[in-house]
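Q: Output the structure for:
(chains A, B, C and D)
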2 protein chains.
Amino acid sequence: MAEKASRARPRAPADSRPTLRSLAVQLGLSPASVSLVLNHAPAAKAIPKSTQDRIRHAAAAVGYRPNSLAKSLRHRRTLTVGVMVPEISEGYSALVMSGIEDALMHAGYLYFVAGHRHRADLIEEYPRLMLDRAVDGLIVVDTSLRAPLPVPVVAVSGHDDLPGLTNIVLDHAHAASYALAHLKGLGHRRIAYIKGQRFSSDTAVRWTTIREAARAHRLPVDNALVGQLAGESPLPDLGYAVTQRLLAVRPRFTALFAFNDISALGAIRAIREAGLRVPEDVSVVGFDDIASAAYQNPGLTTVRQPLYEMGQRAADTLVARLERPDQPVPQTISLEPSLIVRGTTARAR
Amino acid sequence: MAEKASRARPRAPADSRPTLRSLAVQLGLSPASVSLVLNHAPAAKAIPKSTQDRIRHAAAAVGYRPNSLAKSLRHRRTLTVGVMVPEISEGYSALVMSGIEDALMHAGYLYFVAGHRHRADLIEEYPRLMLDRAVDGLIVVDTSLRAPLPVPVVAVSGHDDLPGLTNIVLDHAHAASYALAHLKGLGHRRIAYIKGQRFSSDTAVRWTTIREAARAHRLPVDNALVGQLAGESPLPDLGYAVTQRLLAVRPRFTALFAFNDISALGAIRAIREAGLRVPEDVSVVGFDDIASAAYQNPGLTTVRQPLYEMGQRAADTLVARLERPDQPVPQTISLEPSLIVRGTTARAR
DNA sequence: GGCCTTTACTAAAACGTTTAATCTACGCCA
DNA sequence: TGGCGTAGATTAAACGTTTTAGTAAAGGCC
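A: Next comes the predicted model:
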């Protein structure tokens, strides 16, 4: 069957995979015919069943797998997308990526990942690198884009208005309202807030909607009780630092609404170190509902973002845009938050 | 300067990037010359400085970026590697990936990510998909490989002995010894253990080394106090379930050594729900030192794996193997654990 | 003036596909 | 006999690079 092992072969060194051409030679056919058949091209119907079978069997026998670089070069699409996140090693991005992964794999795409750590040069550079690799589209997570890109882009928690960009966002008005209604219902009036870092793409909307919700619920917002995360660390230390400052303000707040779960954890630590108990003395509400929120002690009360779904939705939307480029580009897709009440909130005393 | 906008261009439609050929045409040169110059090929020294400058300026002016599919097709290397992890959305993989990312980016590589969730079919399938995309090599994290692959592979926490495979491992003997010495020093003798899932690549070594360390420290190991994680969940629930069963065994254990931090968190919850305090009544030691371990309440005492470094080391090793294929393949690279004592361990009472 | 060397490039094949256009042999019909 | 349609393929260009082997012209040397 197979050719006898020969010391000097003309083509196809042992280490490289069979190619369309080598397969064709072996079959005594042209690469064109083999290609037509293996791709179920319409033109292949001119080729008799018997030959088709011969081709398919041979392909299976030698384990032929098409070289996708060559395919992509020809087709001008790679079935590959790029994903940009601030950090890989962090609850928020990780959950979103999880959703992205499932949806992309299901659609037959592979993806590159790049973590830019909010460094402006990398936010410029990575899209270029990925475009060089001919990605068909891009998903950016919690990353604000300056200029439009020459491929379809979907932004998770993005709020930029750029041509060719679809934003997947949370309904922040509802989110703020849920949290404040909950705290108000527990009797809290003096509430501290931690805003996000300036580079975080949700920071602005979140704060705007919080103030609107506070007004709607007739809750005062004391500027002295508004802190802001400063620094690049993806760890709770930033929330810890801000909270220490907020704790110095008198009269003391009875509840705190953090920008995210990570900073809420830091806040809780600061509160405890100040000799106060959570939730008996101070209630804390986080944001995101990252995986570890449920396993804190006590469990963290938080506004849940459907992060996995947001990732999934982003990937599905991108794939849809890639497969049907003639369809209109969705501008904004909004998802609903929910309030997860656990153990860090209690009635004000 | 630029050609006037014309309705019907022969080549290079507006939406596609300039190519080497279009650049050459524009310069009145052959693609060969342009390629030689832009790549600083040795043969380019025959080309006068003036022409070189002309080429480089034109390239910069039109923003020429080489098509890397074409390059890769020609060079038979893509500067791309594949990374396989069990879960993306989890502390362990996330930290390792972080290290991988930094090292790979630094070396000029991009990478695909695939999360297989320990499904055997995906563990088979993903390497194929990535090889189809012509990755130069593969990094697998906490994933056991059945068959050798036709590209260099580095495994983080891998213990398989396959040709072409480099394993990055922890010194498990030291890890076990540190933890048990610590517990023994606190007066614990009755210690419960949680083993990892069967599919976890560290499970076997870890347990072997724990028993050896126990013998060395003259600590008894009561089989009734040995549990094993069962199930696929990457959440603390598995540790919670196992610990509930272990808590039923009398006389009760005074300390527990969990397979990882995630399961330790579940264990702590179970212990508290049984009305016991951590660490006053029961000490708990985790493993890994994932990011959230430090921010538990109290902070989790754990055996730290240098996960970031392991990822970095894996990527560096892979790149080295790719760039110098003639060098011998390192079989095993071992890194040192350390014991991080926080608040979940205390003197036995 | 003849020969050699250097300078400044170019031609063309190759990487592995896809696909529109073309070809050949055959059978059939008028 | 000539013409035509069709089955069953093939050819060749194209995707965008790289790289070896070449070539034409100019300059140097005797």
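
Q: need the residues of the stretch 51-200 of chain A near chain B, please.
A: A:65-70, A:72-73, A:78, A:80, A:87-91, A:94-95, A:97-98, A:101, A:105, A:110-115, A:128-134, A:150 (CB under 8 Å from any CB of the partner chain). C-beta: built from backbone N, CA, C; applies to glycine.

Q: how about a cut-off of 7 Å?
A: With the criterion set to CB under 7 Å from any CB of the partner chain, the stretch 51-200 of chain A comes near chain B through A:65, A:67-70, A:72-73, A:88-89, A:94-95, A:97-98, A:101, A:110-113, A:115, A:129, A:132-134.

Q: Okay, and which of these map to helices?
A: Using DSSP state H, A:68-70, A:72-73, A:94-95, A:97-98, A:101, A:129, A:132 are the members of those that sit in helices.

Q: Farthest pair within these?
A: Looking at those by CB to CB, the two members farthest from one another are A:70 and A:95, with 36.4 Å of separation.

Q: And the strands in the stretch 201-349 of chain A?
A: Secondary structure of the stretch 201-349 of chain A (DSSP state E, counting those that start in this stretch): strands at A:226-228, A:255-257, A:283-288, A:301-304, A:332-335, A:338-340.

Q: nearest to residue B:53, of the ones you listed?
A: Using CB to CB as the criterion, the shortest distance between residue B:53 and the strands of the stretch 201-349 of chain A is 47.7 Å, found for strand A:332-335.

Q: partners of the closest one in the sheet?
A: Counting by DSSP bridges, the strands paired with strand A:332-335 are strand A:165-170 (parallel).

Q: so how far is residue A:321 from the residue nearest in space to the middle of chain A?
A: Nearest to the centroid of the C-alpha atoms of chain A, with distances taken as CA atoms, centre = their mean, sits residue A:96, at 3.8 Å. Distance, residue A:96 to residue A:321, using CB to CB, to the nearest Å: 18 Å.

Q: same check, this time on residue A:158
A: Noted for residue A:158: a distance of 15 Å to residue A:321, by CB to CB.

Q: Then residue A:126?
A: As judged by CB to CB, residue A:126 and residue A:321 stand 20 Å apart.

Q: next one: residue A:278
A: From residue A:278 across to residue A:321, the span is 45 Å (CB to CB).

Q: Which one of these two is surrounded by more residues?
A: For residue A:278 versus residue A:321, the count of surrounding residues by other CB atoms under 10 Å in any protein chain shown is larger for residue A:278: 24 against 21.

Q: Next, the contact list for the residue nearest to residue A:308 when sequence neighbours are not counted, please.
A: Nearest non-adjacent residue to residue A:308, counting by CB to CB, 6 or more residues apart in numbering or on different chains: residue A:99, 4.1 Å away. Going by CB atoms under 7 Å, 6 or more residues apart in numbering or on different chains, residue A:99 touches A:307-312.

Q: out of the residues you listed, which are inside helices?
A: Among the contacts of residue A:99, the members falling in helices (DSSP H) are A:307-312.

Q: and those as TSV, adding neighbour count?
A: Formatted as TSV, the ones in helices among the contacts of residue A:99 follow (neighbours: other CB atoms under 10 Å in any protein chain shown):
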residue	neighbour count
A:307	27
A:308	19
A:309	16
A:310	22
A:311	29
A:312	21
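
Q: now, which of those sits nearest residue A:169?
A: Within the ones in helices among the contacts of residue A:99, proximity to residue A:169 (CB to CB) peaks at residue A:310, which comes in at 8.5 Å.

Q: pretty sure that closest one contacts residue A:156?
A: Yes: under the contact definition of CB atoms under 7 Å, residue A:310 touches residue A:156, with a separation of 5.3 Å.

Q: Spit out the residues that contact the two alike.
A: Common neighbours of residue A:310 and residue A:156 (CB under 7 Å, 6+ apart) are A:96, A:168.

Q: Pull up the distance across stretch A:295-309, start to finish.
A: For stretch A:295-309, the separation between the terminal residues is 21 Å (CA to CA, to the nearest Å).

Q: any residues touching it, and which ones?
A: Counting by CB under 7 Å, 6+ apart, the neighbours of stretch A:295-309 from elsewhere in the structure are A:92, A:95-96, A:98-99, A:170, A:175, A:178-179, A:261, A:264-265, A:285-289, A:293, A:335, A:337-345, B:236, B:265, B:269, B:297.

Q: Show me which of the residues you listed are buried.
A: Restricting those to buried positions leaves A:92, A:95-96, A:98-99, A:170, A:175, A:178-179, A:261, A:264-265, A:285-289, A:293, A:337, A:339-340, A:342, A:344-345, B:236, B:265, B:269, B:297, with burial counted as 16 or more other CB atoms under 10 Å in any protein chain shown.

Q: which residues are there in chain A that come within reach of DNA strand C?
A: Applying the criterion CB under 7 Å from any atom of the strand, the portion of chain A that neighbours DNA strand C consists of A:11, A:16, A:19-21, A:31-32, A:35-36, A:38-39, A:41, A:43, A:64-67, A:70-71, A:73-75.

Q: Show the buried residues in the residues you listed.
A: In the residues of chain A next to DNA strand C, burial by neighbour count holds for A:19-20, A:35-36, A:38, A:64, A:67, A:70, A:73, counting by 16+ other CB under 10 Å.

Q: Which helix or which strand is home to the residue nearest to residue A:213 when sequence neighbours are not counted?
A: If you skip the residues right next to it in sequence, residue A:213 has residue A:176 as its closest partner in space, 3.8 Å away by CB to CB, 6+ apart. Taking DSSP states H and E as the definition, one finds residue A:176 inside helix A:172-185.

Q: That helix: which residues count as buried?
A: By neighbour count, and taking 16+ other CB under 10 Å as the criterion, the buried residues in helix A:172-185 are A:172-180, A:182-184.

Q: roughly how far apart are the residue nearest to residue A:172 when sequence neighbours are not counted and chain B?
A: If you skip the residues right next to it in sequence, residue A:172 has residue A:209 as its closest partner in space, 4.2 Å away by CB to CB, 6+ apart. According to CB to the nearest CB, to the nearest Å, residue A:209 stands 27 Å off from chain B.

Q: Check residue A:75 too.
A: Following CB to the nearest CB, the distance that separates residue A:75 from chain B is 10 Å.

Q: still on that earlier bit, any chance of the ones in helices among the contacts of residue A:99 in TSV with pLDDT and distance to DNA strand D as columns?
A: Formatted as TSV, the ones in helices among the contacts of residue A:99 follow (pLDDT from 0 to 100; distance: CB to the nearest atom of the strand, whole Å):
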residue	pLDDT	distance to DNA strand D
A:307	97	38
A:308	97	37
A:309	98	37
A:310	98	34
A:311	98	32
A:312	98	33
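
Q: Leaving out the residues flanking it, which one is nearest to the residue of the stretch 201-349 of chain A found nearest DNA strand D?
A: Checking the stretch 201-349 of chain A residue by residue against DNA strand D with CB to the nearest atom of the strand singles out residue A:325 as nearest, at 17.5 Å. Closest residue to residue A:325 in three dimensions, ignoring its sequence neighbours and counting by CB to CB, 6+ apart: residue A:152, at 7.9 Å.
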